[in-house]
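> Build me a model from this:
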Amino acid sequence: MDPADRRTFLRRGAVTTAALAAAGAAASARPGRALAEPGGSGAVPAREMRGVWIASVANIDWPSSPGLSAQAQQDEYRAALDLAVEQGLNAVFSQVRPTADAFWPSPHEPWSRYLTGTQGRDPGYDPLAFQIQEAHARDLEFHAWFNPYRVAMSEDPAGLVPDHPARRNPDWVWPYGGKLYYDPGLPEVRAFALEAMLDAVERYDVDGAHFDDYFYPYPVAGQEVPDADTYAAHAAPGQSLADWRRENVDLLVQEFGHRVHAIKPWVRFTISPFGIWRNRASDPAGSDTSGTESFSAISADSRRWVRERWVDGLIPQVYWQVGHPAADYDTLVRWWDEVAAGTDVSLWIGEAAYKAAAGTFTDPAELSRHVALCRTLPRVGGAVHFSLSSLRTDTTGSVDRMVAERYAHPAIVPVSPLIPGAAPPRPQLHAATATATGVRLRFSGQAATSFALWRFPEGRGLNSQRADGRYLLGTVRATGGTQVHEVPGGSPADWYAVTALDRTRRQSILSVQRRATPAS
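You can find the predicted model right below:
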């Protein structure tokens with residue numbers, strides 16, 4: 001499907017009621033996934049994570065500036081999701097707690113200043129509920145992105161609202177590198193941060209809960225993290241400062257994952273650590289690189305999180321090009337692929353779309369080649385791109401090239417093996433009716449969160465062909481009852497099928513219609 005067709009289907013939507021279908025009216029009104037024509041050469045994966053980070057801190061991505069009206073914010077967000085669909089993506093990782101504040105009416109923390117320009121001011125609607133509703137309407141997964149310990153982008157606590165927890169508990173925070181942080185070594189801080197983040201998981205229909213790479217702050221030359229008193233009070237006898245800090249982060253990761261699954265077993269817990277765990281020169285288990293090590297720099301033992309299965313998925317930020325002298329992309333993704341071996345932890349690669357879009361990657365084919373390389377590795381299941389603004393303002397053509405070469409066909413988010421779930425019952429494909437411009441599918445199913453729509457050129461070996469994304473037309477959100485979706489093009493001799501997906505993206509068997517019957 002060319003970009004114009006993608007935009008047409010995005011505007012027109014797809015899902016309607018049975019009554020609308022019976023009346024023979026055109027599908028309309030509700031946004032749905034853009035649908036792609038099968039075609040091209042070579043199989044492409046029908047299962048692949050294709051995500052994008054939407055950063056709110058400092059208004060990097062959304063909202064584009066503080067103080068926009070609720071309507072302007074909502075229009076911006078809808079446009080962002082429309083772009084994600086147009087570019088073949090299937091998940092958003094949206095930052096909802098950027099600096100110990102909230103993009104929802106939290107009982108623990110104030111409204112974020114990045115919404116209204118004033119911390120604590122009600123934006124007049126619930127941004128988190130709105131974001132989830134709009135993402136799900138397009139059948140995009142929504143992952144709520146939290147920053148655990150960053151309190152403010154300046155060191156002065158007086159810039160926080162008077163009743164901010166950091167002002168009520170001044171011994172919880174310390175300044176470092178021009179920012180204010182909660183002290184990760186205090187058990188009461190960890191308990192508070194967990195409650196503040198889990199409130200969103202418990203109250204909202206999120207598909208994932210996500211941390212980025214900010215635990216202990218990145219080192220600043222000439223400064224020491226001011227946690228000597230906390231270390232003296234809380235470290236075990238003989239425990240080194242470095243080991244104690246890593247243990248503090250490990251405890252947060254373990255407990256958050258455990259509690260997320262206790263609340264909602266289907267929610268995926270993921271972390272996107274800095275791309276280098278340790279260099280081989282420091283540890284024989286490390287990668288053949290020579291860059292900053294997250295193990296020591298920010299106390300993040302990301303390899304352990306995978307090996308211990310404390311996370312459902314890891315998204316290492318491999319933000320370098322192939323051939324980089326200190327951190328070669330090829331070397332690192334292969335190393336992470338081996339780390340994930342035998343763990344069932346989902347592995348997706350964090351991609352530096354911002355470097356491609358700005359020309360830091362000098363080869364416009366760099367991003368596209370990254371996706372192609374990752375598809376050859378057995379445990380890499382896709383990518384998440386940083387960030388939305390770079391996908392929107394691609395000045396080099398790198399993003400457009402990646403989309404055209406790798407994301408021309410839609411994909412279903414992969415199943416996370418550590419997340420329990422069961423495939424829904426087989427749905428019913430009631431009819432596949434030819435229209436003047438394509439085929440109208442009428443289908444229904446029970447216990448489904450979404451449906452995947454398929455078109456095959458022949459009826460043999462359909463189950464094996466499900467792995468080939470060239471035959472996937474797209475996915476649509478289940479709305480209850482009978483649904484109608486019109487798909488473009490095709491031949492009257494094509495085979496059409498529908499599968500049902502549960503919220504963990506496990507898939508039913510096919511319901512097949514041999515050919516489109518002519519419209520009466």
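> Assumed residue 404 was part of a helix.
Yes. Assessed by DSSP: H, G, I helix; E, B strand; the rest coil, residue 404 belongs to a helix.
> tally of neighbours for the closest residue to residue 102 other than its chain neighbours?
Spatial nearest neighbour of residue 102, chain neighbours left out: residue 109 (4.9 Å); criterion: CB to CB, 6 or more residues apart in numbering. Yep, even glycine has a C-beta here, placed from its N, CA and C like the rest. The number of residues packed near residue 109 is 25, by other CB atoms under 10 Å.
> do residue 243 as well
By other CB under 10 Å, 14 other residues sit near residue 243.
> likewise residue 266?
As a burial measure, residue 266 scores 18 neighbours (other CB under 10 Å).
> What distance do you get for it to residue 469?
Per CB to CB, to the nearest Å, residue 266 is found 24 Å from residue 469.
> again, but for residue 68
On the measure of CB to CB, residue 68 and residue 469 end up 37 Å apart.
> ok, residue 61 - contacts?
53-55, 80, 387-389 (CB atoms under 8 Å, 6 or more residues apart in numbering).
> now do 6 Å
Taking CB atoms under 6 Å, 6 or more residues apart in numbering, we find residue 61 in contact with 54-55, 387-389.
> Helix or strand: which one has residue 257?
helix 241-263 (DSSP states H and E).
> Please name every helix or strand in contact with that helix.
Using 3 or more CB pairs under 6 Å, 6 or more residues apart in numbering; DSSP states H and E as the contact test, the elements touching helix 241-263 are helix 187-203.
> switch to 10 Å and redo it
Helices and strands touching helix 241-263, by 3 or more CB pairs under 10 Å, 6 or more residues apart in numbering; DSSP states H and E, are helix 187-203, strand 208-211, helix 228-234, strand 268-271, helix 294-297, helix 302-307.
> any idea how far residue 137 lies from residue 267?
Look at residue 137 and residue 267: by CB to CB, they are 19 Å apart.
> These two: which has the busier surroundings?
Comparing residue 137 with residue 267 by other CB under 10 Å, the one with more neighbours is residue 267, at 22 against 19.
> Can you redo the contacts of residue 61 as TSV, where the extra columns are neighbour count and secondary structure?
Below are those laid out as TSV (neighbours: other CB atoms under 10 Å; DSSP: H, G, I helix; E, B strand; the rest coil):
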residue	neighbour count	secondary structure
54	25	strand
55	20	coil
387	21	coil
388	26	helix
389	20	helix
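> Make a markdown table out of the residues you listed and add distance to residue 399.
Shown next, in a markdown table, are the contacts of residue 61 (distance: CB to CB, whole Å):
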| residue | distance to residue 399 |
| --- | --- |
| 54 | 15 |
| 55 | 17 |
| 387 | 12 |
| 388 | 11 |
| 389 | 11 |
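> Next up, the contacts around the closest residue to residue 425 other than its chain neighbours.
Excluding its sequence neighbours, the residue lying closest to residue 425 (CB to CB, 6+ apart) is residue 446, at 5.6 Å. With contact set as CB atoms under 10 Å, 6 or more residues apart in numbering, residue 446 has these partners: 424-428, 478, 480, 500.
> pLDDT weak spots in the stretch 1-150 of the chain?
When residues are selected by pLDDT under 70, those of the stretch 1-150 of the chain lie in 1-42.
> Tell me which stretches of it form strands.
49-54, 91-97, 141-146, 150-152 (DSSP state E, counting those that start in this stretch).
> To residue 505, which of these lies closest?
Nearest to residue 505 among the strands of the stretch 1-150 of the chain is strand 141-146; the distance by CB to CB comes to 8.3 Å.
> now that closest one, how far from the centre of its chain.
Distance of strand 141-146 from the chain centroid (CA atoms, centre = their mean, to the nearest Å) equals 6 Å.
> can you tell me how far residue 346 sits from residue 268?
Taking CB to CB, one finds residue 346 at 8 Å from residue 268.
> next one: residue 275
For residue 275 relative to residue 268 (CB to CB), the value is 20 Å.
> Check which helix or strand residue 496 maps to.
strand 495-501.
> Which residues does the helix or strand that that strand is followed by contact?
Scanning forward in sequence from strand 495-501 by DSSP H and E, the next helix or strand is strand 511-513. If you take CB under 10 Å, 6+ apart as the criterion, strand 511-513 is touched by 425-433, 439, 441-445, 451, 454, 456, 459, 462, 494-500.
> quick one: average pLDDT of strand 511-513?
For strand 511-513, the mean per-residue pLDDT is 93.
> and what of stretch 346-365?
Stretch 346-365 shows a mean pLDDT of 96.
> And stretch 175-184, by the same measure?
Average pLDDT, stretch 175-184: 98.
> Show me what counts as buried in that stretch.
Buried residues in stretch 175-184, defined by neighbour count with 16 or more other CB atoms under 10 Å: 175-176, 179-184.
> before we move on, back to that, name all residues that make contact with the residue nearest to residue 102.
97, 99-102, 119-120, 151, 161, 164-166, 192-193, 195-197, 199.
> quick one: low-confidence ranges for the stretch 401-520 of the chain?
Ranges of the stretch 401-520 of the chain meeting pLDDT under 70: 516-520.
> Which stretches in it count as helices?
462-465 (DSSP state H, counting those that start in this stretch).
> Can you show me the strands along it?
With strands called from DSSP E, counting those that start in this stretch, the stretch 401-520 of the chain shows them at 428-434, 438-444, 450-456, 472-477, 483-488, 495-501, 511-513, 517-518.
> could you flag which of the contacts of residue 109 are buried?
By 16+ other CB under 10 Å, the contacts of residue 109 give 97, 99-102, 119-120, 151, 161, 164-166, 192-193, 196-197, 199 as buried.
> May I have stretch 244-257 as PDB, with CA atoms only?
Provided in PDB are the C-alpha atoms of stretch 244-257 (Å, rounded to 0.1, in the frame of the first residue of the first chain):
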ATOM      1  CA  TRP A 244      25.600  -1.600  47.400                       C
ATOM      2  CA  ARG A 245      24.400   0.800  44.700                       C
ATOM      3  CA  ARG A 246      23.900  -2.000  42.300                       C
ATOM      4  CA  GLU A 247      22.000  -3.900  44.900                       C
ATOM      5  CA  ASN A 248      19.700  -0.900  45.500                       C
ATOM      6  CA  VAL A 249      18.900  -0.800  41.800                       C
ATOM      7  CA  ASP A 250      18.400  -4.600  41.700                       C
ATOM      8  CA  LEU A 251      15.900  -4.400  44.500                       C
ATOM      9  CA  LEU A 252      13.900  -1.800  42.700                       C
ATOM     10  CA  VAL A 253      13.900  -3.900  39.500                       C
ATOM     11  CA  GLN A 254      12.900  -7.100  41.300                       C
ATOM     12  CA  GLU A 255      10.200  -5.600  43.400                       C
ATOM     13  CA  PHE A 256       8.600  -3.600  40.600                       C
ATOM     14  CA  GLY A 257       8.400  -6.600  38.300                       C
END
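> since we're on residue 355, how many residues are nearby?
20.
> thought it was touching residue 318?
No. Counting by CB atoms under 10 Å, residue 355 sits too far from residue 318 to count as a contact (11.3 Å).
> that older thread, which other helices and strands does the strand holding residue 496 contact?
By 3+ CB pairs under 10 Å, 6+ apart, strand 495-501 packs against strand 428-434, strand 438-444, strand 450-456, helix 462-465, strand 472-477, strand 483-488, strand 511-513.
> Around the residue nearest to residue 429 when sequence neighbours are not counted, count how many other residues there are.
Closest residue to residue 429 apart from its sequence neighbours, by CB to CB, 6+ apart: residue 511 at 4.2 Å. Counted with other CB under 10 Å, residues neighbouring residue 511 total 21.
> again with residue 323
11.
> which residues touch residue 454?
With CB under 10 Å, 6+ apart, residue 454 has these contacts: 38, 46, 429, 441, 462, 465-466, 468, 471-474, 487, 494-499, 510-512.
> Please name the bridge partners of it.
Here residue 454 shows beta-bridge partners residue 472, residue 497, assigned using DSSP bridges.
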